[in-house]
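A.B. asks: Generate coordinates for the sequence data below:
(one chain, ligands or ions: 1)
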Amino acid sequence: MYNKVHRRLTLLCAGITAVIMIVMSLCYLYVSERGLYRNQFQSFQNDINTITTNLEQQSVISMEWLSKMEAQGNYLFFVLDNGVPFLYNQLNDSQEASLRKQLLSEALDAFDNLFIYDPSLQAVIPATSYVSFHLEYEFVSSAHGAYYASVIRMGQNASLEIIVLSSLASLERQIQEQRIRFVLIDLAAILLLSVFSWFFTGKLLKPIVENQLKQVQFVASASHELKTPLAVILSAAECCRNADADKQQDFLKIIRQEVRRVSALVNDMLTLSQSDNHYFTISPQPIELDTLLMNSYETFEPLARDKDIALSIHLPREALPACPADPERLSQVIAILLHNAISYTPAHGAIDLSLSYEKNHFLLSVMDNGIGISKEDKKKIFDRFYRAERSRSTKGHFGLGLSIASEIVRAHGGSIAVTDTRGGGSTFTVVL
Ligand code: ADP
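C.D. replies: Prediction:
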């Protein structure tokens, strides 16, 4: 299930970013290619302007000048006198001559199609006499690709006609190379994105998966804990049916005891599930912590005495500021800590409940000299249903107390920690 969701999320993440990237690349290519064509056409028009000015100033058009111009700008020149090609166009190389001939006729056809037969464009050709004029346009030769062309007409009745052609092959090659570069860059980026998305979604899913695993463990542990008292209740009820009146009272006592255990466990589980679903609320109000601790001390002192444990309390002499806290919940935390301390401290032991105030923080601690907690267990005792091996047999302990205490302290914005008591035992400290 996890792998499937991970794969799908990766695909979604990488897919969306790849689509955005491809669309952006296409937009960029479109704008950049249009710009390249525009620039090329403008530079062609500029060259034609210069050529026309030069031609106007010359009385004779020499073959050298034409060859020089062709070599300089990668242009093809055709000179027509009253529609008849000049000597310059009569080349010996028959292949080149036929190429030139074909290009010339295609360029002139395109000119006619564009400016002569199209009524909307006829107006661009001046009707009256002129020194010279020129028109630039684009045409595609059937065999030799796209060209920019210019028709320059000079003299009375346009007797001299010069056609200049510029091939777009190198520009198209440049554009082709740019497209290939973009495809390669996009492919590499998509690959990187996929790898990144795999790790990114994995990191995102990790807490969800861990949480789900915790929930599963929680349900399994809860079912396990509920099974034992329920089995005891069932067998006590069975025995109760056939027992005489005296024995029945004993069985009923067992049933009552186990029901109390189950109800305590259910209450604990409800508290934790409320905390998980964020329904767990605290109602902070200014309280006097020393009074709260004193009340807890008075509640637990008889219990400690019963177990032959000396429970003491140390409160600061000076008056403390009021602490914003939920008195019910905070009493629950102290009760959990004191209950644990009494449970895990053997007879003749000592427990000390104390309160201090340092740098705007209240420190509540429960120190015992009991069995202590190993380094390994210290990391786990705040986990749900965790009980150290030595305390497994302790009845009425489900391993939920400290997790409830830490949820309550966290809801108050405080912290809870455990350390070893000097000489043995454990000390739990709550900082608010
Ligand atoms: P439990 O209901 O089992 O006490 P807790 O969550 O309160 O559950 O405590 C978890 C475990 O931490 C206990 O099972 C016990 O092993 C250990 N523990 C807690 N308090 C003490 C203590 N004061 N001394 C020694 N061990 C303790």
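A.B. asks: Test my guess that L265 contacts K227.
C.D. replies: No: assessed by C-beta atoms under 8 Å, L265 is found out of contact with K227, at 11.2 Å. (Glycine included, C-beta is placed from N, CA and C.)
A.B. asks: Those two: which is more packed in?
C.D. replies: Legend: neighbour count by other C-beta atoms under 10 Å for L265 and K227, higher for L265 (17 against 10).
A.B. asks: and that one, what element?
C.D. replies: Element membership of L265 [criterion: DSSP states H and E] is helix 245-276.
A.B. asks: How far away from the center of its chain is the next helix-or-strand element following that helix?
C.D. replies: Counting by DSSP H and E, the next helix or strand C-terminal to helix 245-276 is strand 285-287. Chain-centre distance of strand 285-287: 41 Å, with C-alpha atoms, centre = their mean, to the nearest Å.
A.B. asks: Whichever helix or strand comes after strand 285-287 - contacts with which helices or strands?
C.D. replies: The element immediately downstream of strand 285-287 (helix or strand, assigned by DSSP H and E) is helix 289-306. Packing partners of helix 289-306 (3 or more C-beta pairs under 8 Å, 6 or more residues apart in numbering; DSSP states H and E): strand 310-314, helix 327-343, strand 350-358, strand 361-368.
A.B. asks: Give me the below-cutoff pLDDT ranges for this protein.
C.D. replies: Applying pLDDT under 70 to the chain flags the ranges 87-93, 117-131, 156-158, 389-396.
A.B. asks: now with 80?
C.D. replies: 1-2, 58-63, 65-66, 69, 71-74, 82-97, 115-132, 155-159, 276-281, 389-397 (pLDDT under 80).
A.B. asks: Residues of it that sit close to the ligand?
C.D. replies: 336, 340-341, 344, 368, 370-371, 373, 381, 386-388, 391, 397-403, 426 (C-beta under 6 Å from any ligand atom).
A.B. asks: measure stretch 311-324 end to end?
C.D. replies: 27 Å (C-alpha to C-alpha, to the nearest Å).
A.B. asks: now that stretch: how far from the chain's centre is it?
C.D. replies: 48 Å.
A.B. asks: Show me what counts as buried in the helix holding L265.
C.D. replies: Neighbour counts using 16 or more other C-beta atoms under 10 Å place 251, 254-255, 257-258, 261-262, 265, 268-269, 271-272, 275 of helix 245-276 among the buried residues.
A.B. asks: and if you look at stretch 168-186?
C.D. replies: By 16+ other C-beta under 10 Å, the buried positions in stretch 168-186 come out as L168, L171, I175, F182, D186.
A.B. asks: ok, the spatially closest residue to D326 that is not a sequence neighbour - contacts?
C.D. replies: Take D326 and drop its neighbours on the chain: the residue closest to it by C-beta to C-beta, 6 or more residues apart in numbering is I282, 4.0 Å away. Contacts for I282 (C-beta atoms under 8 Å, 6 or more residues apart in numbering) come out as A325, D326, R329, I408, A411, H412.
A.B. asks: Of those, which is the nearest to the ligand?
C.D. replies: Among those, I408 lies closest to the ligand (C-beta to the nearest ligand atom), at 12.6 Å.
A.B. asks: Could you pull out the helices in this structure for me?
C.D. replies: Here the chain has its helices, by DSSP state H, at 2-57, 63-73, 94-111, 169-242, 245-276, 289-306, 327-343, 375-378, 401-411.
A.B. asks: And those: which comes nearest H144?
C.D. replies: Closest approach to H144 among the helices of the chain (C-beta to C-beta): helix 94-111, 6.5 Å.
A.B. asks: Dump the contacts of I282 into a markdown table; add neighbour count as well.
C.D. replies: Below are the contacts of I282 laid out as a markdown table (neighbours: other C-beta atoms under 10 Å):
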| residue | neighbour count |
| --- | --- |
| A325 | 26 |
| D326 | 18 |
| R329 | 21 |
| I408 | 25 |
| A411 | 17 |
| H412 | 19 |
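A.B. asks: Nearest to E70 among those?
C.D. replies: Using C-beta to C-beta, A411 comes nearest to E70 of the contacts of I282, at 86.9 Å.
A.B. asks: any idea how far that closest one is from T291?
C.D. replies: 21 Å (C-beta to C-beta, to the nearest Å).
A.B. asks: likewise Q45?
C.D. replies: Distance from Q45 to T291, by C-beta to C-beta: 95 Å.
A.B. asks: got it, and I404?
C.D. replies: For I404, the distance to T291 (C-beta to C-beta) stands at 23 Å.
A.B. asks: Ok, I313 next?
C.D. replies: Shown here: I313 relative to T291, a distance of 12 Å by C-beta to C-beta.
A.B. asks: Between these two, which is the more surrounded one?
C.D. replies: Taking other C-beta under 10 Å, I313 and T291 do not tie; I313 has more neighbours (16 against 11).
A.B. asks: Show me what the more buried one is bridged to.
C.D. replies: I313 has these beta-bridge partners by DSSP bridges: L353.
A.B. asks: can you tell me which residues contact it?
C.D. replies: By C-beta under 8 Å, 6+ apart, the contact set of I313 is L293, M294, Y297, D352, L353, S354.
A.B. asks: from those, which two are the most distant?
C.D. replies: M294 and D352 (13.9 Å).
A.B. asks: still on that earlier bit, pick the one among the buried residues of stretch 168-186 closest to the ligand.
C.D. replies: For the buried residues of stretch 168-186, the nearest to the ligand is D186 (55.3 Å; C-beta to the nearest ligand atom).
A.B. asks: Excluding covalently adjacent residues, which one is nearest to that closest one?
C.D. replies: For D186, ignoring the flanking residues on the chain, the nearest one in space by C-beta to C-beta, 6+ apart is S25 at 5.7 Å.
A.B. asks: Spatially nearest residue to whichever residue of the stretch 1-150 of the chain sits closest to the ligand (excluding sequence neighbours)?
C.D. replies: Residue nearest to the ligand within the stretch 1-150 of the chain: Y2 (29.2 Å; C-beta to the nearest ligand atom). If the residues on either side of it in the chain are set aside, Y2 comes closest to V209, at 5.6 Å by C-beta to C-beta, 6+ apart.
A.B. asks: Surely that neighbour is in contact with V5?
C.D. replies: No: here V209 does not reach V5: they are 9.1 Å apart, not a contact under C-beta under 8 Å.
A.B. asks: Using TSV, please lay out the helices of the chain together with distance to L432.
C.D. replies: What follows is those, written out as TSV (distance: least, C-beta to C-beta, whole Å):
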stretch	distance to L432
helix 2-57	39
helix 63-73	85
helix 94-111	88
helix 169-242	26
helix 245-276	18
helix 289-306	8
helix 327-343	8
helix 375-378	21
helix 401-411	8
